[in-house]
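Asker: Sequence first, then the predicted structure:
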Amino acid sequence: MNNIFCIGMGPGGAEQVTRAALQTAASVPFLLGDARFLALVAAGPSVAPQHLEELPRGTEATLQRVAELLEKGPVGVLVSGDTGFYSLASSLVRRFGPEKIRLVPGISSMQLLAARRGRSWVNVPTLSLHGRTLENPEEIHPSTGERLSAETSPGTRTTGGALAGLQSEAVVLLGGWERVPAQLRELADLLGPERKGALAWDLGLPEESITEGTLSELATMEPRGRLPLLWLDPPESEPPRRDCPRKGHLPEDDAGAGEKPLPTGVLSDSWFFRDEGIPLTKAPVRAALLGLLHPLRGCRVLEIGTGTGGMTVELSRAAGPEGTVLSVEPKQEALALAARNCLRAGIAVEMRTRHGATTPSPEEDAVSATAPVAGSAGCATQDPFRRDTANDGERAGRPPRGRVCLLQGNAPEALAGLRCADAVFVGGHGDALPEVLAACWKLLRPGGRLAATFILMDGAMTALRTLQDLGGSPGFWQLTVGYGKPLAGSWMLTGQNPVFLVWGDKEAEQA
């Protein structure tokens, strides 16, 4: 069966074309595309298609030509940008069916403009004025390519109505190039002449240009290329949407989020700032763990494996400003992300290295490093929890909701010399689970509880045996969660992988 390969060639410059795109394009016997993309393929790998042909004008003519060539062999269709971003891919899928289409993604102009401006494009809506007007009652869904009529289109029915209702950033595809000044004047009339934005031309090409200004200013400019794209900034009266910072960066104004009331109960997974590859303990598991470790008010809590900081935030909220949480994590990027989430929850944060040095943080409420203090019997004397709290939170005009110390290091080595804890949570352990549990058990006060989570049964069984050998009174749950979502007037459950919860209680006679 012959397939159709829809290949994203990026914004148009050779530097933005992926190796996968060039290799795929060179492997098919029939290739259709814009002349500039065909030239990029011809200058690429040595294996070349047998047949190079420019795309016909119009979608229907293109689909017909693809059908003719498909009878002879596999066909490649070169599209600009990314295959899922306002491209010909949706029309190909509708005509020939998804089983015959192979999509090779590329870089979209929106991604490139976001990178040029140093912005995040998460949740930034995108609308197209390419080949339509603000009053056009037909919209094309950017993902499926389906036409949404006035009867089927959700919410606002026109491009102009959708833009008028936006009180945040948005990206607007303009064009053709000769219509750009008129479209900018229309947008100025709709959104106000002082609304600011950035107008980009020919991103990724040597003649690329990006001009920032008000809509009225941009509308007076002559077209500077062929491919225009507009990034609208939020209205001046609205605070700008937070951009994703560089990893390891702690934004100063995250601390201001602590003034806002937090949602009731355990925080949802979507509440937290996230980074790819850094784990988050899911909300139902956090709720179960808080129940297992209750009560925590005023307690000193030790956490192994900070991750995104989901449990760190919840443990600190439960311990309150009278308590403290020490969280140990080897990865700096995870600690930075957890600090952001703690600050967003209004929790005072101190970041420390294994040797006691406080790492720099721009957060105003960051607490100072302190000298060791005397510990209790059977416990070491170093105390990264302890701090001078006299002025904690005064600069922001509010008391912190909790107190967290983030300690960079690997367990169990990083636990040497720490003081005792009233409760322990082990969320990460690496390859040294028995050793980590033993070190945590040594730091756990008599009458305290240690809880740990696992996604593999072997880890849970190892923890149970280790806690028994340490003289604890262990317990074990398997937690299998189903997330409910509405469907057809009722609700359905989406099952999640089971999580194993193991805990052990340290009896008073073990002191």
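Answerer: Yep, that arrived. A quick note: this is a predicted structure, and the numbers were derived from the prediction, not measured.
Asker: partners of Val404 in the sheet?
Answerer: Under the criterion DSSP bridges, Val404 forms beta bridges with Val325, Val349.
Asker: My guess is it contacts Met351. True?
Answerer: No - at 9.3 Å, Val404 does not count as touching Met351 under the criterion of Cβ atoms under 8 Å. Yep, even glycine has a C-beta here, placed from its N, CA and C like the rest.
Asker: Could you check which of those two is surrounded by more residues?
Answerer: Using other Cβ atoms under 10 Å, the more surrounded residue of Val404 and Met351 is Val404, with 31 against 23.
Asker: for that one, what are its contacts?
Answerer: With Cβ atoms under 8 Å, 6 or more residues apart in numbering as the criterion, the residues that contact Val404 are 312, 316, 324-327, 342, 347-350.
Asker: One more pass at 10 Å, please.
Answerer: Contact partners of Val404, counting by Cβ atoms under 10 Å, 6 or more residues apart in numbering, are 301, 303, 306, 309, 312-313, 315-316, 319, 324-327, 338-339, 341-343, 345, 347-351, 367, 385.
Asker: just Ala451 next, same as before
Answerer: The neighbours of Ala451, taking Cβ under 10 Å, 6+ apart as the test, are 288-293, 311, 423-427, 463, 475, 477, 501-504.
Asker: Drop anything exposed from those residues.
Answerer: If you count burial by 16 or more other Cβ atoms under 10 Å, the buried members of the contacts of Ala451 come out as 288-290, 292-293, 311, 423-427, 463, 477, 501-504.
Asker: taking those one by one, which sit in helices?
Answerer: When DSSP state H defines the helices, the subset of those inside them is 288-290, 292-293, 311, 463.
Asker: Nearest to Glu169 among those residues?
Answerer: Comparing these against Glu169 with Cβ to Cβ picks out Met311 as the nearest, at 32.4 Å.
Asker: now the strand or helix carrying Phe37: how far from the chain's centre is it?
Answerer: The secondary structure element spanning Phe37 is helix 35-42 (assigned by DSSP states H and E). Put simply, helix 35-42 sits 35 Å off its chain's centre (Cα atoms, centre = their mean, to the nearest Å).
Asker: The stretch 351-500 of the chain: strands as residue ranges?
Answerer: Chain-ordered strands for the stretch 351-500 of the chain, with DSSP state E, counting those that start in this stretch as the definition, fall at 402-408, 421-426, 444-454, 473-479, 482-487, 490-495, 499-505.
Asker: actually the stretch 201-350 of the chain, not the one I wrote
Answerer: Read by DSSP E, counting those that start in this stretch, the stretch 201-350 of the chain holds these strands, from start to end of the chain: 209-214, 228-232, 300-304, 324-329, 347-352.
Asker: need the ones you listed in a markdown table with mean pLDDT, can you?
Answerer: Converted to a markdown table, the strands of the stretch 201-350 of the chain look like this (pLDDT from 0 to 100):
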| stretch | mean pLDDT |
| --- | --- |
| strand 209-214 | 90 |
| strand 228-232 | 89 |
| strand 300-304 | 97 |
| strand 324-329 | 96 |
| strand 347-352 | 89 |
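Asker: among the ones you listed, which is nearest Gly197?
Answerer: That would be strand 228-232 among the strands of the stretch 201-350 of the chain, by Cβ to Cβ, at 4.5 Å.
Asker: Appreciated, that's everything.
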